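**Q** What would the 3D arrangement of this be:
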Amino acid sequence: MSLTYLTTDELAGVIKYDSRTIREQLKDSVLLEGVHYIRPFGGRKILFIWEHIERDMGLPSGERPLAIPMANGGVCNG
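**A** Predicted coordinates:
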């Protein structure tokens with residue numbers, strides 16, 4: 001399966017949010033590293049995985065899968 005990777009600015013254009021809102025409010029609270037975005041090659045650049053964001057965008061708040069961010073960047077699914 002081929003995934004679509006988007007930069008913060010590209011994602012902002014698709015979901016109609018300001019890129020600053022994505023970086024400061026959504027990243028790491030709603031959009032989780034290892035689930036919705038990755039840092040390729042361990043760098044600072046962030047690439048969002050569109051298919052995973054699209055899948056979870058339509059879910060009501062209470063139906064989101066429980067995922068606890070881990071210090072190493074992974075996620076613990078509870």
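**Q** Can you give me the distance of residue 30 to residue 2?
**A** Residue 30 is 24 Å from residue 2, where distance means Cβ to Cβ, to the nearest Å. Backbone N, C-alpha and C define where each C-beta goes, glycine included.
**Q** ditto for residue 26
**A** Counting by Cβ to Cβ - residue 26 and residue 2 are separated by 24 Å.
**Q** what does residue 14 give?
**A** 17 Å.
**Q** Looking at those two, which is more packed in?
**A** Neighbours per residue, other Cβ atoms under 10 Å: of residue 14 and residue 2, the larger number sits with residue 14, 13 against 5.
**Q** Give me the pLDDT for the more buried one.
**A** Residue 14 is assigned 95 on the pLDDT scale.
**Q** same deal with residue 58?
**A** So residue 58 comes in at 81 (pLDDT).
**Q** now it: how far from residue 15?
**A** Residue 58 is 12 Å from residue 15, by Cβ to Cβ.
**Q** Phi, psi for the residue nearest in space to the middle of the chain please.
**A** Centroid-nearest residue in the chain, with Cα atoms, centre = their mean: residue 36, separated by 2.9 Å. With angles defined as degrees, to the nearest 10, residue 36 shows backbone torsions of phi -100, psi -20.
**Q** what's near enough to touch it?
**A** 30, 48-49, 52-53, 56 (Cβ atoms under 8 Å, 6 or more residues apart in numbering).
**Q** For residue 17, which non-adjacent residue is spatially closest?
**A** Excluding the flanking residues, the one nearest residue 17 by Cβ to Cβ, 6 or more residues apart in numbering is residue 26, at 7.1 Å.
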